[in-house]
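Turn this into a model:
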Amino acid sequence: MILQSQLAEILDAQYLTFTNKKLGQKREKLAKLKLVINFALIITGVRRCGKTTLLYQLLNENLSHVLFLNFEDTRLVNFENDDFVRLIAEIKARSITTLFFDEIQLMPNWELFVRQLLDDDYKVVITGSNATLLSTELGTKLTGRHLSTELFPFSYQEFLAFKTLENTADSLQLYLKQGGFPEYLKTGDGMILNQLLDDILNRDIAVRYNVRDVSTLKKLATYLISNIGKPVSGNKLKEVFGIKSTTTILEYFSYLENTYVIQFVSKFSYSIKTQIRNPKKVYTIDLGLFTENSIVFSDENGRRLENLVYLYLRTNYSEIYYFAEKKECDFVVMQKGKVVELLQVCYELNAENMEREIAGLTEAMDFFDLKEAKIISFNQKEIFNKDGKIINVIPANEFIVS
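Residues are numbered from 1 along each chain as shown. Okay, here's the model as predicted:
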């Protein structure tokens, strides 16, 4: 239990910290956010990607009527269900109209509290670092009463604006190395991303999901980050890490994906069972994480570029697959069950790889009966006509800003 006076002090301190923030780099997501009475705005994303700054940008013109409360504050460790009554009293005493709660899902019965606030016509914003934030409750207590969105680290265009750079091959190469975490870009200190990964694994996974073998979890996370662009399967990795059950590996996969560290892409199949059975290709949420946390000792520009294209697709589409029959095509992008893009990613097309890259793409084009597709390169631009099929080779820095 927390005393009313203690809660008031915490709210005042957090409000002061929140309102003293700098606006920072304007986020592309800002234009898509809406505050609607009776609806909770849910924003999820990896830790330290800028969710609080985004909300400050959204609310900065009306801060006098905002209440901010981060439930990870150690002073709230004794917060109990009855303390929501005290919180409501503070809200009413301060004539608040907009409520911003960070990581409120850590509190028991939070969803009943939020539902009451929505019924009382408050504007409520909730942020969290877990993709399954509120998932069960959103489907029960808050059905039809929420608007959800995701925030990632800086996109390439946001990176250019943040760094005051032009869209050139050199800028793209820098982004492929540094990624988009704001604090890392400010300092270049790799320890920031080392500590970030450690915090996610310990606080967001090990504690929350009661993972006892934290050492294996960390080794698995490092392995997956080091193998971006490659297929992985639970069966094979359980042997690599000496884990008896494939189920345990798959649970670790889901924890890493839920906290946004790792993303998985399924092999395309019209059968859901086949998708589940086949290996998934792995990507990381940010290329800086690969730079600072992988155990790869070469540039790996090709895999970095493929990860970059994935992140661009991930922010614009919800259905992304890879294609693999006799040959392989890196990305199959679908909307409403229809293929809208076939993409192959190749850092540099040359005599050694051209036939393989084109063959994988044309096989996918035949399978889906498409006449046009793209190869995303680092800086090459070409057009190929292969048996009546048009293949456009596009520089990545043109494709991801289109």
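
How is the chain divided into domains?
The chain breaks down by automatic domain parsing into domains covering 4-150, 154-303, 317-402.

Check the separation of the first and last residues in the shortest one.
Between the opening and closing residues of domain 317-402 we find a distance of 14 Å, counting by CA to CA, to the nearest Å.

Just the mean pLDDT for it, thanks.
In this model, domain 317-402 has an average pLDDT of 96.

picking that back up, would you convert the domains of the chain into TSV that also reports distance to Val309 and mean neighbour count?
Where C-beta positions appear, they are placed from N, C-alpha and C, glycine not excepted. Below are the domains of the chain laid out as TSV (distance: least, CB to CB, whole Å; neighbours: other CB atoms under 10 Å):
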stretch	distance to Val309	mean neighbour count
domain 4-150	17	16
domain 154-303	10	17
domain 317-402	5	17
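
Val333: helix or strand, and which one exactly?
Following DSSP states H and E, one finds Val333 within strand 328-335.

Quick check: next helix or strand after that strand?
strand 338-345.

and that following strand, how far from the chain's centre?
Its chain's C-alpha centre and that of strand 338-345 lie 21 Å apart, by CA atoms, centre = their mean, to the nearest Å.

for stretch 172-190, same thing?
16 Å.

Stretch 277-289 too?
Here stretch 277-289 shows a centroid-to-chain-centroid distance of 11 Å under the convention CA atoms, centre = their mean.

same thing with stretch 98-110?
Centre to centre, stretch against its chain (CA atoms, centre = their mean), the figure for stretch 98-110 is 20 Å.

likewise stretch 106-124?
Worked out by CA atoms, centre = their mean, stretch 106-124 lies 25 Å from the chain centre.

Using a markdown table, please lay out the domains of the chain together with distance to Leu311.
Formatted as a markdown table, the domains of the chain follow (distance: least, CB to CB, whole Å):
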| stretch | distance to Leu311 |
| --- | --- |
| domain 4-150 | 12 |
| domain 154-303 | 7 |
| domain 317-402 | 9 |
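
Where among the ones you listed is average confidence lowest?
Among these, domain 4-150 scores lowest, at a mean of 89.

Next, the angle from the strand holding Val333 to strand 338-345.
With axes from the mean of the first three to the mean of the last three CA atoms, to 10 degrees as the basis, strand 328-335 and strand 338-345 are set at 150 degrees to each other.

Pull up the pairing partners for strand 328-335, direction included.
strand 319-324 (antiparallel), strand 338-345 (antiparallel) (DSSP bridges).

roughly how far out does that strand sit from the chain middle?
On CA atoms, centre = their mean, the centre of strand 328-335 falls 19 Å from that of its chain.

residues making contact with that strand?
Outside strand 328-335, the residues within contact range by CB atoms under 8 Å, 6 or more residues apart in numbering are 265, 268, 306, 309-310, 313, 317, 319-323, 339-345, 360-361, 363-364, 368.

same deal with stretch 295-315?
With contact meaning CB under 8 Å, 6+ apart, stretch 295-315 is reached by 150, 152, 155-156, 175-177, 222, 226, 228-230, 263, 265, 283-287, 290, 320, 330-331, 333, 341, 343, 345-347, 376, 378, 396, 399-400.

Just the ones in helices from these, please.
Judged by DSSP state H, these include Tyr156, Tyr175, Leu176, Lys177, Thr222, Ser226, Leu287, Phe290, Ala396, Phe399 as members of helices.

out of these, who's nearest Asn62?
Closest approach between these and Asn62, by CB to CB: Tyr156, at 31.2 Å.

Could you look up the SS state of Glu72?
Look at Glu72: counting by DSSP: H, G, I helix; E, B strand; the rest coil, its state is coil.

residues contacting the closest residue in space to it that isn't next to it in sequence?
Computed as CB to CB, 6 or more residues apart in numbering, the closest residue to Glu72 that is not its neighbour in sequence is Glu103, at 4.9 Å. Contact analysis of Glu103 by CB under 8 Å, 6+ apart lists Asn70, Phe71, Glu72, Thr127, Gly128, Ser129.

residue boundaries of the helices in the stretch 1-150 of the chain?
Applying DSSP state H, counting those that start in this stretch to the stretch 1-150 of the chain gives helices spanning 4-19, 51-59, 83-93, 110-119, 135-138.

Now tabulate these in CSV and tack on distance to Pro182.
Below are the helices of the stretch 1-150 of the chain laid out as CSV (distance: least, CB to CB, whole Å):
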stretch, distance to Pro182
helix 4-19, 17
helix 51-59, 8
helix 83-93, 30
helix 110-119, 28
helix 135-138, 27
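
Which one of those helices lies nearest to Asn235?
Closest to Asn235 of those, according to CB to CB: helix 135-138, at 27.0 Å.

if I look at Met354, how far off is Gly360?
11 Å (CB to CB, to the nearest Å).

scratch that, Val240
Taking CB to CB, one finds Val240 at 27 Å from Gly360.

Over to Phe101?
Phe101 sits 47 Å away from Gly360 when distances are taken as CB to CB.

contacting residues around Arg47?
Shown in contact with Arg47 (CB under 8 Å, 6+ apart): Ser129, Leu196, Asp199, Ile200, Asp204, Thr259.

What of Leu7?
Asp83, Arg86, Leu87, Glu90.

which ones are touching the third one?
In this case it means Leu87. Leu7, Leu69, Phe113.

how about those in TSV, adding distance to Tyr209?
Below are these laid out as TSV (distance: CB to CB, whole Å):
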residue	distance to Tyr209
Leu7	29
Leu69	24
Phe113	24
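
how far away is the residue nearest to Phe268 when sequence neighbours are not counted from Tyr252?
Leaving aside its sequence neighbours, Phe268 sits nearest to Tyr321 (CB to CB, 6+ apart; 3.8 Å). From Tyr321 across to Tyr252, the span is 22 Å (CB to CB).

Please apply the same query to Glu382.
The value you get for Glu382 to Tyr252, if CB to CB is used, is 42 Å.

Many thanks, I have nothing further to ask.
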